[in-house]
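*Asks:* Have a look at this prediction, sequence included:
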Protein chains: 4
Amino acid sequence: MSESNGEIGVGMVGHAFMGAVHSQAWRNVHRFFEVPLTPRLAALCGRDESRAKEAAAKYGWAGVETDWRTLVERDDVGLVDVCTPGDTHAEIAIAALTAGKHVLCEKPLANTVAEAEAMAAAAERAAARGVRSMVAFNYRRVPALALARKLVEDGRIGEVRHVRAVYLQDWLSDPAAPMTWRLRKEKAGSGALGDLGAHIVDAAQWVVGDLITGVSALSETFVRERPDGEGTGQVTVDDAALFLARFAGGAVGTFEATRYALGRKNAMRLEVNGSRGSLAFDFESMNELSFFDGDAPGAEAGFRRILATEPDHPYVGAWWPPGHLLGYEHTFTHEVADLLTAIGTGTDPAPSFADGLRVQRVLAAVEDSAAHSATWTPVGG
Amino acid sequence: MSESNGEIGVGMVGHAFMGAVHSQAWRNVHRFFEVPLTPRLAALCGRDESRAKEAAAKYGWAGVETDWRTLVERDDVGLVDVCTPGDTHAEIAIAALTAGKHVLCEKPLANTVAEAEAMAAAAERAAARGVRSMVAFNYRRVPALALARKLVEDGRIGEVRHVRAVYLQDWLSDPAAPMTWRLRKEKAGSGALGDLGAHIVDAAQWVVGDLITGVSALSETFVRERPDGEGTGQVTVDDAALFLARFAGGAVGTFEATRYALGRKNAMRLEVNGSRGSLAFDFESMNELSFFDGDAPGAEAGFRRILATEPDHPYVGAWWPPGHLLGYEHTFTHEVADLLTAIGTGTDPAPSFADGLRVQRVLAAVEDSAAHSATWTPVGG
Amino acid sequence: MSESNGEIGVGMVGHAFMGAVHSQAWRNVHRFFEVPLTPRLAALCGRDESRAKEAAAKYGWAGVETDWRTLVERDDVGLVDVCTPGDTHAEIAIAALTAGKHVLCEKPLANTVAEAEAMAAAAERAAARGVRSMVAFNYRRVPALALARKLVEDGRIGEVRHVRAVYLQDWLSDPAAPMTWRLRKEKAGSGALGDLGAHIVDAAQWVVGDLITGVSALSETFVRERPDGEGTGQVTVDDAALFLARFAGGAVGTFEATRYALGRKNAMRLEVNGSRGSLAFDFESMNELSFFDGDAPGAEAGFRRILATEPDHPYVGAWWPPGHLLGYEHTFTHEVADLLTAIGTGTDPAPSFADGLRVQRVLAAVEDSAAHSATWTPVGG
Amino acid sequence: MSESNGEIGVGMVGHAFMGAVHSQAWRNVHRFFEVPLTPRLAALCGRDESRAKEAAAKYGWAGVETDWRTLVERDDVGLVDVCTPGDTHAEIAIAALTAGKHVLCEKPLANTVAEAEAMAAAAERAAARGVRSMVAFNYRRVPALALARKLVEDGRIGEVRHVRAVYLQDWLSDPAAPMTWRLRKEKAGSGALGDLGAHIVDAAQWVVGDLITGVSALSETFVRERPDGEGTGQVTVDDAALFLARFAGGAVGTFEATRYALGRKNAMRLEVNGSRGSLAFDFESMNELSFFDGDAPGAEAGFRRILATEPDHPYVGAWWPPGHLLGYEHTFTHEVADLLTAIGTGTDPAPSFADGLRVQRVLAAVEDSAAHSATWTPVGG
């Protein structure tokens, strides 16, 4: 049975980078969190059987499938975890939801708004039957960012005026770096925009508690051909995407996603300035949140570096004593803990596919604007 | 005589914040730099005689004038320093140049492109007669930024791909902060854009050694009425201006100027990512430059915090031992040292009025784009 | 069998904080590292059976024992992991080694030099029979610190002149914080000295590649009574220990361990200054190493922040892409990976019990000096 | 007259580094601060007349003297500023005080306790006649450190438990750096100890508001011979001095002064941990104070970076807007502003010669302890 004796069978599609880190979360979540359901790593799915078997052995999955259609129909699978490139998300996730399986889907939700709409609709129908779905914007589960969200919710930042979000990596700085599926539009949908931009759009909208209503954007591909086996391949996605944004509540923002910021390895940064306070975060120091409390007396005011490792910080109580840092992988453990809790308690987890669709609409508006000389482009919906 | 016995008579128009810091530079420059001409603080000009006299006494000026027209005609004045609001720059500077006086003019060069064009033309005519002019983009004289420029010039950054520039202050965060001339379009030309944006546009173009060719912009006025004596006054300038930019050489950039970034006091920040290296600077730590050398072996690479206080850093040899920091005012001392050297050696100083005009054209394109829904707007010229 | 089919049975004594983090390492090490032996979590040992069973279930151990004597004799246990308070280390570890079990022992190795000597002797005898032992100075397995060690080894720091090491926590700042075994001399041996000081003594000696030859020390107990159930208990250990040190190679150092540095949560910091370079590390930013390369041209020199998350940094290749941070727990995964590799390849792992003894001798000299008005005290050996 | 028409004639002995920075302060103090007396730069004194004249011209002094005895007797000199090496402080300062001149004396106050005692006694006698004296511990005038002092005074740090003070420079790291008077005991009294250690002893005692009662110390001379013209000269002072300390109020501390901390240019750092709060300061970021407020709710607590550039921070109101940084030289401007105010208002300025003597006694205890194997040495007095 997929959910019985307090267990839930998990089937994971894809076993590259995301598969590895999701596996770690599924294997360990119940060792730290009081989840109502313990995950059983039922099967991992990959098209090449021998590679799938190798991955299953390495990551601790009981079996393998080579066709995701079989996986989503297995009786012993109650939850499908979609870790494939974006072009397959819609088909797999909708099939799984239709089959009555809970779904965790990697971000961006899809490669197009149409796919994302179909997915959100499927998720809504499934929810009516008690089937849950979540899109894997794992940065919502960084304790320091969850604390940021809480400070905004508690009114400590006041009316938000400025958002400044960048996601900087540098692995394409070198023109000799090889081709990958991430550089092909038909697989990845977009480049830095969907891979990195999706994270900061979701994080910004979530932390601020507001939606982007319009954008003006430009994008650039700095290196258009890359080595691919013996020859070269065409890069058909953006290397960098930049945009200005307005939020419904009146805030203005700048966003930038790039893989060419030499020296920045995973600088997912978010700054928020409001009428009462300000926030600053950088994933390269992911255990820290900078908070400026505008209510403090002027002579004592300053950005305080909160080491978000105290027991009363979000998620941290499950782990180690203060100052004993968490890392990247723990955001996934938190994610599946929340998902399992939602399933077990019969509630809808967040971020939902509808949240994923909202991000997708922003990305689509960005692409549209960039394709039309940065023309101001309202976010659809 | 205006220039005799190694001295040059200086006349300064305006005596508010800029007047105070310029005075400090004029009084002390020759104590640290081997300048060919020693400044004599001949006269300070202000419309209210008693206030002008008070300022002259405080700042060390020999006399006062209440009409700048008289000042620029004085025989004992060889250099006119324009520290007034932007609406008067063109008239004063052109008159001074016409009268054969060297001119130092505060930034932004003017309130309109037309004024700036007239000023640049006057400067060019004057230069043909050996009369020099400089626009006071003092941040070019921060040693750490001058070092940044040098690293780009030396090819250490390679081909520039990304520019990220913000200038964040917070003195308008409080809606109860009072009106000032800086919030009136007819005096200041624009708000955060001209006051702060001008600095980062000049700094970015200078450090990168390239020009912005087009922009997409938005601006916002968060608080439209402010206390003004007994009533309230209308704020007629932008509180914040944000724009995307493309550079002639292929780089893309984001720019933001605001007076609402609560907790940021003078965060003039510049980041540059190139194919060989990266740079990061924040004026709130103005003695430091962060430099990532992409040529270093991967395992040893990292942003290095260069404390730009070594004798072989620009301007620093004139001052104190390593680690004995310089401050804001010293950028002005460096500025007038360079100007006096240019005058004394018969060369044209930089940034020229033509450089100021280039900045003005970017600001005008930003205003234009912001007024037309962020439409992509080429920079005129 | 304890070692068969590529597996090794592990028995862990103790299941508090250290037990939890060791369990996580044992459960996951083979998912990331190519270890010659896969750990099988055979049994966890705790005196209270029901609490031991609860812990075993939570942490994934197959069974429990309530007497460590039984555990160390079990046929299916090939490795004993000692996570108990220091007063029991010697007895358990020596019994395990005598029984032919490999041993991982938490730090400090023991509560006295005599115990540590007996342990080191037992370890040496065991090693002759192919039985391995390691003391759990996990900070040697922080990638950034392992990189520090490598830079010293490669000669990049030159002749070491200064060592500056502190380990700052603040959980006793509040006089109302309750008693624990860590505050009783008979259980813990010492206070901040053994708990925190042991780490920085080992880390300093290891990174520098040199031994401390003498110390001058003082210690202090700021709060001598603490709430303990209904009454109060006597604190019989040091709250803070500070000492000066000389190294065999000529370097001088300052060391400080305290639990009263309000606001510092786990600030295990190490600074090294040599004739060619300098290093700085702070565990609160554990993914970073600051390195000053004295060979760089003066105008470009600066402490570089190396984000030690590159594939060619120690241990990192097994994990995530650059910039995707590791946390506290991963140091233990690295530790057991190294131990399993040593066992599998028939080599002696480090840090050995002899290394632990060397640390113990420094701690003893510190206690001695502190008890005798900071008299200079050579480190025995 | 020495004090008339609101002016005071200043005579300065010595014109090297300290003379340059003192001159800048005397020339400009009244441009920023409302001082009751305006300094008139009457005469600079140096033994070599032509070099003295050159310095006087450069720094703006009206005349020169070649014998300090003549200077201190001049009628137009009301204040003597002693900027010479430490071996001459006592003789000059006592003569000046005896002649009824106010005295500003560079630190350390003297080279021996006996000299310092004589100076403090002379200062006390002079004070009875309205003649003022101050020792130039300029770091008390760093706004961020003055704010630190205020926070302690206001009880925000609570009972102080830990002091951690280092003063790190690196100009002797290179064994080829040449001899200077600073490396000869007969001129400088001591090496890093008197030059750098004196600053951190004074700063620590002042910020904490408590006195050091005993020390255990070691010192080291890493390079004993240095190039000196054509040959080599003996270094007869310490290159580094380290000590443990106890304060009267129960705090414990570590102190370190060195000129061999490669990469640290002027890292005068002070950390204080108390029962209610903590402070951290580093002169290399001299405009910042880090303050941990232990009264803040745990989840919001963190070290806040206070940019000490607000109008209500000590000394700052006289200068520029927030975020427009001050530098090293301004500490001297603040110092002479305070001294002139004290003279004008008939009060005794701080730090007094008695404060300087207190520091001297600590330095003497450190030397004593270091000479006797780190034996615990009470501070005399």
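*Replies:* Happy to help now that I have it.

*Asks:* so where is chain A shaky, pLDDT-wise?
*Replies:* For chain A, the stretches with pLDDT under 70 are A:1-4.

*Asks:* how's it carved up into domains?
*Replies:* Structural domains assigned to chain A are A:3-138, A:141-349+A:359-371, following automatic domain parsing.

*Asks:* roughly how far is the first one from the heart of the chain?
*Replies:* Chain-centre distance of domain A:3-138: 15 Å, with Cα atoms, centre = their mean, to the nearest Å.

*Asks:* For A:Met286, the count of nearby residues, please.
*Replies:* 27 (other Cβ atoms under 10 Å in any protein chain shown). C-beta coordinates here come from the backbone N, C-alpha and C atoms, glycine included.

*Asks:* Would you mind confirming that it makes contact with A:His330?
*Replies:* No. Applying Cβ atoms under 8 Å as the test, A:Met286 and A:His330 come out as separate, 9.4 Å apart.

*Asks:* Of all residues in chain A, which one is nearest the centre?
*Replies:* A:Phe137 (2.2 Å; Cα atoms, centre = their mean).

*Asks:* Contact partners for it?
*Replies:* If you count contacts by Cβ atoms under 8 Å, 6 or more residues apart in numbering or on different chains, A:Phe137 has them with A:Lys107, A:Ala198, A:His199, A:Asp202, A:Ala203, A:Trp206, A:Pro351, A:Asp355, A:Gly356, A:Val359.

*Asks:* Of those residues, which belong to strands?
*Replies:* The strands in this structure, assigned by DSSP state E, contain none of the contacts of A:Phe137.

*Asks:* Considering those, which is situated nearest to chain C?
*Replies:* A:His199 (12.6 Å; Cβ to the nearest Cβ).

*Asks:* Quickly note the distance from that closest one to A:Val13.
*Replies:* 21 Å (Cβ to Cβ, to the nearest Å).

*Asks:* Compare the two and say which is more crowded by neighbours.
*Replies:* A:Val13 (27 against 23).

*Asks:* just checking, the more buried one touches A:Pro85?
*Replies:* No. Using Cβ under 8 Å as the test, A:Val13 is too far from A:Pro85 to be in contact (10.7 Å).

*Asks:* Next up, the contacts around the residue sitting furthest away from the middle of chain A.
*Replies:* Within chain A, the residue lying farthest from the chain centre (Cα atoms, centre = their mean) is A:Ala299, at 39.2 Å. Applying Cβ under 8 Å, 6+ apart to A:Ala299 gives the contacts D:Leu147, D:Ile306, D:Glu310, D:Asp312, D:His313.

*Asks:* Please repeat the previous calculation with a cut-off of 7 Å.
*Replies:* D:Leu147, D:Glu310, D:Asp312, D:His313 (Cβ atoms under 7 Å, 6 or more residues apart in numbering or on different chains).

*Asks:* Looks to me like it is in a helix.
*Replies:* Yes. Counting by DSSP: H, G, I helix; E, B strand; the rest coil, A:Ala299 is part of a helix.

*Asks:* what helix or strand does the residue of the stretch 1-150 of chain A found nearest chain D sit in?
*Replies:* Closest to chain D within the stretch 1-150 of chain A is A:Leu147: 7.0 Å, counting by Cβ to the nearest Cβ. Secondary structure from DSSP states H and E places A:Leu147 in helix A:143-153.

*Asks:* Can you list the residue ranges for helices in the stretch 1-150 of chain A?
*Replies:* For the stretch 1-150 of chain A, helices defined by DSSP state H, counting those that start in this stretch occupy the ranges A:17-32, A:49-59, A:68-73, A:89-98, A:113-128, A:143-153.

*Asks:* If you count contacts, what does the fourth one end up packed against?
*Replies:* Going back to what we said before, that points to helix A:89-98. Packing contacts for helix A:89-98, counted by 3 or more Cβ pairs under 7 Å, 6 or more residues apart in numbering or on different chains; DSSP states H and E, involve helix A:68-73, strand A:79-82, strand A:102-105, helix A:113-128.

*Asks:* Also the third one?
*Replies:* Other elements packing on helix A:68-73 under the criterion 3+ Cβ pairs under 7 Å, 6+ apart are strand A:7-13, strand A:38-45, helix A:89-98.

*Asks:* Buried residues, the longest one. List them.
*Replies:* Read it as helix A:89-98. For helix A:89-98, the neighbour count (16 or more other Cβ atoms under 10 Å in any protein chain shown) marks A:His89, A:Ala90, A:Glu91, A:Ile92, A:Ala93, A:Ile94, A:Ala95, A:Ala96, A:Leu97 as buried.

*Asks:* in the stretch 1-150 of chain A, what residue is nearest chain B?
*Replies:* A:Ala148 (14.2 Å).

*Asks:* The nearest residue to A:His15 once chain neighbours are set aside: neighbouring residues, count only.
*Replies:* Excluding its sequence neighbours, the residue lying closest to A:His15 (Cβ to Cβ, 6 or more residues apart in numbering or on different chains) is A:Ala55, at 3.9 Å. Residues lying near A:Ala55 (other Cβ under 10 Å) number 23.

*Asks:* Repeat that for A:Ser290.
*Replies:* By other Cβ under 10 Å, neighbour count at A:Ser290 equals 22.

*Asks:* what does A:Glu54 give?
*Replies:* 14.

*Asks:* same check, this time on A:Pro349
*Replies:* Residues near A:Pro349, counting by other Cβ under 10 Å: 19.

*Asks:* quick one: which helix or strand includes it?
*Replies:* Judged by DSSP H and E, A:Pro349 forms part of no helix or strand.

*Asks:* Identify the residues contacting the nearest residue to it once chain neighbours are set aside.
*Replies:* Distance criterion Cβ to Cβ, 6+ apart; nearest residue to A:Pro349, sequence neighbours excluded, is A:Ala342 at 3.6 Å. Applying Cβ under 7 Å, 6+ apart, we find A:Ala342 in contact with A:Arg132, A:Asp348, A:Pro349.

*Asks:* give me the residue from the stretch 51-200 of chain A nearest chain B.
*Replies:* A:Arg161 (4.9 Å).

*Asks:* how distant is the longest helix along chain A from the center of its chain?
*Replies:* Counting residues, the longest helix found in chain A (DSSP state H) is helix A:353-371. For helix A:353-371, the separation from the chain centroid amounts to 14 Å (computed by Cα atoms, centre = their mean).

*Asks:* what comes into contact with that helix?
*Replies:* A:107-110, A:113, A:116-117, A:119-120, A:123, A:133, A:135, A:190, A:193-194, A:197-198, A:201-202, A:205, A:211-212, A:215-219, A:241, A:243, A:375, A:377-381.

*Asks:* can I assume A:Phe291 sits in a strand?
*Replies:* Yes. The assignment for A:Phe291, made by three-state DSSP, places it in a strand.

*Asks:* how close does it sit to chain C?
*Replies:* Counting by Cβ to the nearest Cβ, to the nearest Å, the gap from A:Phe291 to chain C is 14 Å.

*Asks:* on contacts alone, who are the packing partners of the helix or strand just after the helix holding A:Leu147?
*Replies:* With elements assigned by DSSP H and E, the helix or strand that comes after helix A:143-153 is strand A:160-168. For strand A:160-168, the elements it packs on are helix A:198-208, strand A:252-258, strand A:267-274, judged by 3+ Cβ pairs under 7 Å, 6+ apart.

*Asks:* right, so the ones you listed: which one is the most enclosed?
*Replies:* strand A:252-258 (a mean of 27; mean count of other Cβ atoms under 10 Å in any protein chain shown).

*Asks:* Touching, A:Leu244 and A:Leu218? I think so.
*Replies:* No. Between A:Leu244 and A:Leu218 there is no contact under Cβ atoms under 7 Å: 9.7 Å.

*Asks:* Overlap of the contact sets of these two?
*Replies:* B:Ser216, B:Leu244.
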